[in-house]
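J.: Coordinates only, no sequence provided:
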């Protein structure tokens, strides 16, 4: 039996964990693996993602990732992510934490800071303001940054699309290598400035090893009941 430590918000057992990284770093797989481990311990888990996570969010996701929308402006992109996040927090994340559940999110506000701020070059004060407004102060307890070279990540993304018989790459996967290098650099810079929340994980490791590394880092969030 697992006894959960109370979160900073005072709700018994609720924990908010986000996963970040470049395209093809393995976030989605690790969210699923961690959820499986937690559920096996009897811990209530909600898996979600951005963009998406709600019915409205999935429609926004379709616009954001559609390769046919190559001319979507950076500012429009930023506002779409903010709208997606505001709905996501209101409909899924905040209620789930209020119920004492663990929320595992595949990308969150840090992705906007990096992709639209660092890499698109939008005004960082505007990015922060929209992130603060959309999240309503709901921030992750831990953020795992899965880091790997761009060539490795893009190669995995391409192989994944082929295996899933997806028709082509999404709008972000089609960006030039230089863009993805700037995304990786942005994540590393952000993680170094917020190192109390970020945990860097070597995403060149195999899936099983990454899972074990991640699980070791979350152990302090709960404790075994004394026999």
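T.: Ah, there it is. Fair warning: this is a prediction, and the values are worked out from it, not measured in the lab. Residues are numbered from 1 along each chain as shown.

J.: Would you map the helices across this protein?
T.: Ranges of helices in the chain, per DSSP state H, are 27-40, 55-65, 74-88, 94-98, 109-112, 124-135, 150-163, 177-193, 207-218.

J.: Save the ones you listed as TSV, and put in mean neighbour count too.
T.: Where you see a C-beta, it was placed from the backbone N, CA and C, and this is true even at glycine. Shown next, in TSV, are those (neighbours: other C-beta atoms under 10 Å):
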stretch	mean neighbour count
helix 27-40	17
helix 55-65	16
helix 74-88	19
helix 94-98	17
helix 109-112	25
helix 124-135	16
helix 150-163	16
helix 177-193	16
helix 207-218	15
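
J.: Figure out which of the ones you listed is closest to residue 14.
T.: helix 94-98 (4.3 Å; C-beta to C-beta).

J.: worst average pLDDT in the helices of the chain?
T.: Note on the helices of the chain: helix 150-163 shows the lowest mean pLDDT, a mean of 76.

J.: Out of the helices of the chain, the one nearest residue 18 is which?
T.: By C-beta to C-beta (comparing all of those), the closest turns out to be helix 109-112, at 6.8 Å.

J.: can you list contacts of that closest one?
T.: Under the contact criterion C-beta atoms under 8 Å, 6 or more residues apart in numbering, helix 109-112 has outside partners 18, 20, 50, 78, 81-82, 85, 127, 130-131, 134-135, 139, 143, 187, 190.

J.: quick one on the thing from earlier: can you redo the helices of the chain as TSV with distance to residue 118?
T.: Below are these laid out as TSV (distance: least, C-beta to C-beta, whole Å):
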stretch	distance to residue 118
helix 27-40	18
helix 55-65	18
helix 74-88	12
helix 94-98	27
helix 109-112	10
helix 124-135	8
helix 150-163	14
helix 177-193	3
helix 207-218	24
